[in-house]
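Asker: return a 3D structure for these sequence lines:
(2 chains)
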Amino acid sequence: MAEPLLQLRGITKRFPGVVANDRVDLEVYPGEVLALLGENGAGKSTLISILYGLYRPDEGEIRLEGQPIQIASPRHALELGIGLVPQHPLLVGRHTVAENLALGVGAPLFPAQRIIPQITRISRAYGLQVDPKAQVHTLSPGEKQRVEIVRSLLGGARVLILDEPTSVLTPQEAEALFGVMRELRAAGRSLIFISHKLEEVLGIADRVVVLRRGKVVGGVAAQEATKAQLAELMVGRSVSFERKRQAPSLGGVVLEVEGLAARSARGLEALRGVSFQLRAGEVLGVAGVAGNGQSELIEVLSGLRKASRGAVRLEGQPISANPAQLFKAGVSHIPEDRLGMGTVPSMNVAENLALREYDRPPLARGLLLNPKALEAQARAQVREYAVATPSIYTPTRLLSGGNIQKVILARELSGHPKLILAVHPTYGLDIGATEQVHRVLLEKTYQGAAVLLVSEDLEEILSLSDQVAVLYHGELKGPFPVESVTRESLGLLMTGGTA
Amino acid sequence: MDSGELLAALGRSVAFGTPILLAALGEILAERSGVVNLGVEGMMAVGALAAFVTTQTTGNPVLGVLVGIVAGGIAGMLHAFVSITLRANQFVSGLALSMLGLGIAGLLGKRYEGQPLVASLPEGVFSGLAIALALFLWLVLYLTRAGLTLRSVGENPAAADVLGVNVIRVRYLAVALGGMFAGLAGAFLAVSYRSSWTEGMTNQLGWIAVALTIFVAWDPIRAVFGAFFFGLLYYLAFALQNSGIPSMFLQALPYALVILVLALVALRRRQGAAPEALGVPYQRGLR
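Answerer: Just a heads-up that it's a prediction; the model follows:
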């Protein structure tokens, strides 16, 4: 093989109490796709931040074409030829694509107009379809990502870092991205592909490097690697990939939704006649690209939003539009926004665990709280759900995402819910925490709870659900039995096609 | 009303509207960078006094205007330091600046109260300049790299920062320039429109400018029409003084107008046009 284009030697970065990168060695060769694999907290983000000039390493050396370099800032990184396509695009929503791409680099006069020919040239060369005059807020996640790729290429990037690029894409959009990545590789550019989706890594990468707890624990040629082997390297123990769901024993109808319509916060029609039934012990997975009515559906079902038409019945009774009453009636809600909606970040674990039932015995004694009961409940639930927290009096904002989610699960599921509304329950969680969330949800179904699972992760939907439906433009396609759908057929439905 | 009277009425409306326009352009500049500055009233008062005193001592009203502009700019820098560098609440800092500016100008201006100005400038010069500045600002905002940078900083400072834009410097510049516009508006009152100094002569025009900024959706061209519309309302209030309407109602007019404007804006759902990062101090690494 040729000389490495980019070479990292002994990169170490420490944060108070943790070594985020521990003597990391890494080579990137011209014209290859290098996958960087690792769980949350393995040190991928730190390593990227160092390469992109956001952090400076405490020890170690970075060489570009054999020359030692210091990367001072993201702009400097791009000048050196290292571009980053961030997981969450950093774009100005109200500006056009051209305006975004001209920011910081455009001509003094008519910057946006004059950068359009360059955009067109790059988008033709690599099959990156972008409309320079479109407003960014009207673009899909995939299109925004292409804008970020074009930005790096405009800046002359030879090494392109893609940070979990497929986490926001439909399977079809991901395929299109892989097409672009192959074009770039063929043109001699190097790509660093960050992911924790093993299939994708094996499908696109030439080499795989696995990070665990800040250290490089393995580097293999993708052709020779297997999913099980990579997962074991990542987690440090063997992981099973079998479908987790046991055959459910279904009870009576718990939730009945008929012709449901609702408007979004902006007054637009967000749900247009959604109907489905959910039985005790059943999991209904709702797939779809964010913004197609998922939030509104969950808000109506959890009592946060009024329906404009249609009926929602819980065990035959119309539901009230009051979240507290609904919880008493057996509806649990695991919300999308863990810190903002699921917990009060500045309050401690014990208080957060008490939020649902603080107003009645045993947690309340008349008008006063009973601190002993709060403490007893918190200790029991922290133990049962294995919440890793320094103390039950630690503010939840200091916990990791996985542990915050465990606090929410403990609060919402400790009773005997009849209906669990789970929204992106494992988004951003590592494999260990994900497994626990899945196990708890499935256990509840065996105890007779019905689960409405909203997720963008098709793997998750397919591995947990009995029925699968897709929300597209406020309309529900399905439900279909899980055996009758595939990733591809769901992907088509998610983009408005027919299965 | 014959055509002569109509023309005179329009002329007065333009003159009434000129300080509002100048101050609003400054506020548009600051808010486009993401910084709300409620200190317009105070910056105008400081500019007005500085312009008046300079003109009285040097006899040169043009120099007076320049000093007024600089004084407004310095007052603006104060807000910039507190709200950008110290990241204090922009609304509180701006309110404090309004009170501080009015108070200082009132205190230092005591002995100039009622003095006749030694040399004044014609109103039309300022009105023409204000309209030209509005056009210029629009061109800068939408057709230049500087304007694109400014707007991006107000919308998504983190995105601009990553691309090497110095967010803090852009915001400082925008707020200081905004203060200079307010200083110019005050100078116009002191050396042209009123040709005198009295405490509180800015007469809440700064607040109207803040409201106008929202009303015209941060667009300098629309600000021209908006400002002259307000000028017309002021003229009407003035013309009605002898109509038997109690003077306290007329005095309350500026406040009523602000409330009316904000209600109208809310009804038209124009807030959607506000720069995304308006009012939010920027700190690297916090997204």
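Asker: what does the domain assignment say about chain A?
Answerer: Each domain of chain A is listed here as a residue range: A:6-235, A:252-495, per the TED database.
Asker: and the end-to-end length of the shortest one?
Answerer: What that stands for is domain A:6-235. From the first residue to the last, domain A:6-235 extends over 27 Å; the measure is Cα to Cα, to the nearest Å.
Asker: starting at the chain centroid, how far to it?
Answerer: 17 Å (Cα atoms, centre = their mean, to the nearest Å).
Asker: cool, and stretch B:144-155?
Answerer: The chain centre lies 20 Å from the centre of stretch B:144-155; the measure is Cα atoms, centre = their mean.
Asker: quick one: mean pLDDT over stretch A:162-178.
Answerer: Per-residue confidence for stretch A:162-178 averages out to 85 on the pLDDT scale.
Asker: residue contacts, the residue nearest to A:Arg182 when sequence neighbours are not counted?
Answerer: Spatial nearest neighbour of A:Arg182, excluding adjacent residues (Cβ to Cβ, 6 or more residues apart in numbering or on different chains): A:Ile204 at 7.7 Å. Where C-beta positions appear, they are placed from N, C-alpha and C, glycine not excepted. A:Ile204 makes contact with A:33, A:35, A:178, A:181-182, A:193, according to Cβ atoms under 8 Å, 6 or more residues apart in numbering or on different chains.
Asker: at 7 Å instead, please
Answerer: A:33, A:178, A:181, A:193 (Cβ atoms under 7 Å, 6 or more residues apart in numbering or on different chains).
Asker: can you redo those as CSV, where the extra columns are distance to A:Ala134 and neighbour count?
Answerer: Conversion of the contacts of A:Ile204 to CSV gives the following (distance: Cβ to Cβ, whole Å; neighbours: other Cβ atoms under 10 Å in any protein chain shown):
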residue, distance to A:Ala134, neighbour count
A:Val33, 29, 24
A:Phe178, 23, 17
A:Met181, 23, 21
A:Phe193, 26, 26
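Asker: that older thread, now tabulate the domains of chain A in JSON lines and tack on distance to B:Ala158.
Answerer: Converted to JSON lines, the domains of chain A look like this (distance: least, Cβ to Cβ, whole Å):
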{"stretch": "domain A:6-235", "distance to B:Ala158": "6"}
{"stretch": "domain A:252-495", "distance to B:Ala158": "19"}
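Asker: reformat the contacts of A:Ile204 as a markdown table; add secondary structure and distance to B:Pro275.
Answerer: What follows is the contacts of A:Ile204, written out as a markdown table (DSSP: H, G, I helix; E, B strand; the rest coil; distance: Cβ to Cβ, whole Å):
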| residue | secondary structure | distance to B:Pro275 |
| --- | --- | --- |
| A:Val33 | strand | 39 |
| A:Phe178 | helix | 37 |
| A:Met181 | helix | 35 |
| A:Phe193 | strand | 35 |
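Asker: what is the nearest of the residues you listed to A:Ala287?
Answerer: When these are ranked by distance to A:Ala287 (Cβ to Cβ), A:Phe178 comes first, at 20.5 Å.
Asker: and the strands in chain B?
Answerer: Under the criterion DSSP state E, chain B contains no strands.
Asker: outside of the helix or strand encompassing A:Leu421 itself, list whatever touches it.
Answerer: With the criterion set as DSSP states H and E, the secondary-structure element containing A:Leu421 is strand A:419-423. For strand A:419-423, the surrounding residues in contact (Cβ under 7 Å, 6+ apart) are A:254-255, A:298, A:301-302, A:314, A:330-336, A:413, A:441, A:444, A:449-454.
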